[in-house]
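> Need a 3D model of the sequence below.
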Amino acid sequence: MHIPTNTSKAKRVWDSLGNKGSEAQRYVYFSYLSERPELQHYIYQYINILFQKKDTSWDLLFKVKEKLSPWAHRVGTEKRYLEANMKFERTSDGVLLSSITPVYNILPLLTRYCRNRFGREPWALFDEKREFGMRNLHGQIIRYENTCKPKVGRDASIPLSSVSDSGKQISHTIGQSDQHGYNASALRMYA
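Numbering: from 1, shown residues only. Next comes the predicted model:
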């Protein structure tokens, strides 16, 4: 069964989960980023138990947390490993690029590290396994889809392919002006 995402409700749940503590958000988010389909039910159970009005069954909470914990830990371990060992190369556009193949979908977790390390300097991360990347464009974190691996070198640039708000396919290269008249706000933002 597929339930479409309602962004306003998702934000309310996320904010309420944050009121329960950052550890609760961490377990949910890191477990989700492990991309293990069997964990979706446990993530739902975990959130449901945390929001129960009556006394929570601590045994049930512990059992559910026991299922999520190893995966959240693995995602966190890979995040820390890549933060310590990512190698960046400069493209001809002047963008610092790191192309990685992580086991888990941790690109969203690496953006804070890159923002702190590089400040407003342009940088991009590319996940070769999932064929998408995240990039700092004028202080905004932008997700981009890509069907070919970005190249590094004297004549290289990073090809982007994204969807505008209207759903029209747009493509452009980082470092060049957008010939379609779209601005960065037409791209899906992450921060």
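
> wait, what's in contact with residue 87?
residue 98 (C-beta atoms under 8 Å, 6 or more residues apart in numbering). To be clear about C-beta, it is placed using only N, CA and C from the backbone, and glycine gets the same treatment.

> Tell me where this structure has strands.
In the chain, the segments counted as strands under DSSP state E are 89-90, 96-100, 123-127, 132-137, 140-145, 159-163, 169-173, 189-190.

> Check which strands are paired with the second one and give the direction for each one.
So that's strand 96-100. Paired strands of strand 96-100, with direction, are strand 89-90 (antiparallel), strand 123-127 (parallel) (DSSP bridges).

> Ranking the ones you listed by mean neighbour count, which comes first?
Neighbour counts (mean count of other C-beta atoms under 10 Å) averaged over each of the strands paired with strand 96-100 peak at strand 123-127, with a mean of 22.

> coming back round to it: among the strands paired with strand 96-100, which comes closest to residue 75?
Smallest distance to residue 75 across those (C-beta to C-beta): 13.7 Å, for strand 123-127.

> For that closest one, which outside residues touch it?
By C-beta under 8 Å, 6+ apart, the surrounding residues in contact with strand 123-127 are 86, 88, 95-102, 105, 107, 110-111, 114, 132-136, 146, 149-150, 158, 174.

> at 6 Å what do you get?
95-99, 107, 110, 114, 133-136, 150, 158 (C-beta atoms under 6 Å, 6 or more residues apart in numbering).

> still on that earlier bit, show me the one of the strands paired with strand 96-100 that comes nearest residue 14.
Residue 14 sits nearest to strand 123-127 of all the strands paired with strand 96-100, at 22.8 Å, using C-beta to C-beta.

> Could you check how far the residue most central in space within the chain is from residue 70?
By C-alpha atoms, centre = their mean, the chain has its centre lying nearest to residue 108, at 2.4 Å. For residue 108, the distance to residue 70 equals 20 Å [C-beta to C-beta, to the nearest Å].

> picking that back up, residues touching the residue nearest to the centre of the chain, list them.
Contacts of residue 108 (C-beta under 6 Å, 6+ apart): none.
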